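*Asks:* Fold the following for me, if possible:
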Amino acid sequence: MISEKVDPQWGSVIMVFVDDQLVLRAQISRRGDGLEGSVKKAVKAALLYLVRREFVSEKENPDLQGDGLR
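*Replies:* Numbering: from 1, shown residues only. You can find the predicted model right below:
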């Protein structure tokens, strides 16, 4: 989920959540400067969170039979 809080003076604060876990909080100027970079950063943060979560899950509950089921 992506949430935005708008401040007319400073711009917007964008928050990216994965499963109700905040994975990125970024400030975007009201002119939209750096918007593309912020979007790339948000995608990277979400993917990194998901990879880390999968790694921890695999470590805690290994797939001993190799069938992809836990």
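*Asks:* Name the residues of the helix or strand that residue 46 is a member of that are buried.
*Replies:* Using DSSP states H and E, residue 46 sits in helix 35-60. Neighbour-count burial for helix 35-60 flags 38, 42, 45-46, 49 (criterion: 16 or more other CB atoms under 10 Å). Every C-beta, even on glycine, is put in place using the N, C-alpha and C of the backbone.
*Asks:* do stretch 14-31 as well
*Replies:* Within stretch 14-31, the residues that qualify as buried are 14-16, 23-24, 26, 28, counting by 16+ other CB under 10 Å.
*Asks:* could you dump those residues to CSV with distance to residue 1, pLDDT and secondary structure?
*Replies:* What follows is these, written out as CSV (distance: CB to CB, whole Å; pLDDT from 0 to 100; DSSP: H, G, I helix; E, B strand; the rest coil):
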residue, distance to residue 1, pLDDT, secondary structure
14, 11, 85, strand
15, 9, 88, strand
16, 8, 88, strand
23, 10, 88, strand
24, 12, 85, strand
26, 15, 85, strand
28, 17, 82, strand
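*Asks:* out of those residues, who's nearest residue 62?
*Replies:* residue 23 (25.0 Å; CB to CB).
*Asks:* got the contact list for the nearest residue to the closest one once chain neighbours are set aside?
*Replies:* If the residues on either side of it in the chain are set aside, residue 23 comes closest to residue 49, at 4.3 Å by CB to CB, 6 or more residues apart in numbering. Residues counted as contacts of residue 49 (CB atoms under 8 Å, 6 or more residues apart in numbering) are 18, 21, 23.
*Asks:* wouldn't the last one be in contact with residue 44 here?
*Replies:* No - counting by CB atoms under 8 Å, no contact exists between residue 23 and residue 44, whose distance comes to 9.8 Å.
*Asks:* Understood, closing this out.
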